[in-house]
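Chemist: give me a model of this one.
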Amino acid sequence: MSSGPLTRLNGGEKKVNDNVKTSKIAYKPVGLVLGAVGGMIAGMAFKQVWKWVEGEGDAPGATDEDRSWKEILIAAGLQGAIFAVVKAAVDRSGAVATRRVTGTWPA
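Modeler: You can find the predicted model right below:
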């Protein structure tokens, strides 16, 4: 009967499904909080991985004069990969939780 966010009424009119609106609205603040928490988790994970990889406490910054291009680019790539994986996991978990609560997918 329902085809996505639109439902057809008897007269042929289309009406936006209220559940989809509700789930999108409910997901926005949850997504913001999850994004912030995910960023903190990714930062901590990167620090631990960098310690394991390089044996040093701090990863190089782009303007570290004493670090090589290779080291800086490897650190940046590793950090980006970790952040992307954590973001995907957090976003997906938030969407699944929103569907469990509201009955519809938030996207």
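
Chemist: so after the longest helix along the chain, what's the next helix or strand?
Modeler: For the chain, the helix reaching the highest residue count under DSSP state H is reported as helix 18-54. Under the assignment DSSP states H and E, the closest C-terminal helix or strand after helix 18-54 is helix 69-102.

Chemist: contacting residues for Ala76?
Modeler: Taking Cβ atoms under 8 Å, 6 or more residues apart in numbering as the definition of contact, the neighbours of Ala76 are Ala62. The way it works is simple: take the backbone N, C-alpha and C, and place the C-beta from them, glycine included.

Chemist: roughly how far apart are Arg67 and Val101?
Modeler: Per Cβ to Cβ, to the nearest Å, Arg67 is found 46 Å from Val101.

Chemist: nearest residue to the middle of this protein?
Modeler: With the centre of the chain defined as its mean C-alpha position, the nearest residue by Cα atoms, centre = their mean is Lys87, 3.0 Å away.

Chemist: show me the contacts for the nearest residue to it once chain neighbours are set aside.
Modeler: When the adjacent residues along the chain are set aside, Lys87 lies closest to Gly38, with 5.7 Å between them (Cβ to Cβ, 6 or more residues apart in numbering). With contact taken as Cβ under 8 Å, 6+ apart, Gly38 is in contact with 86-87, 89-91.
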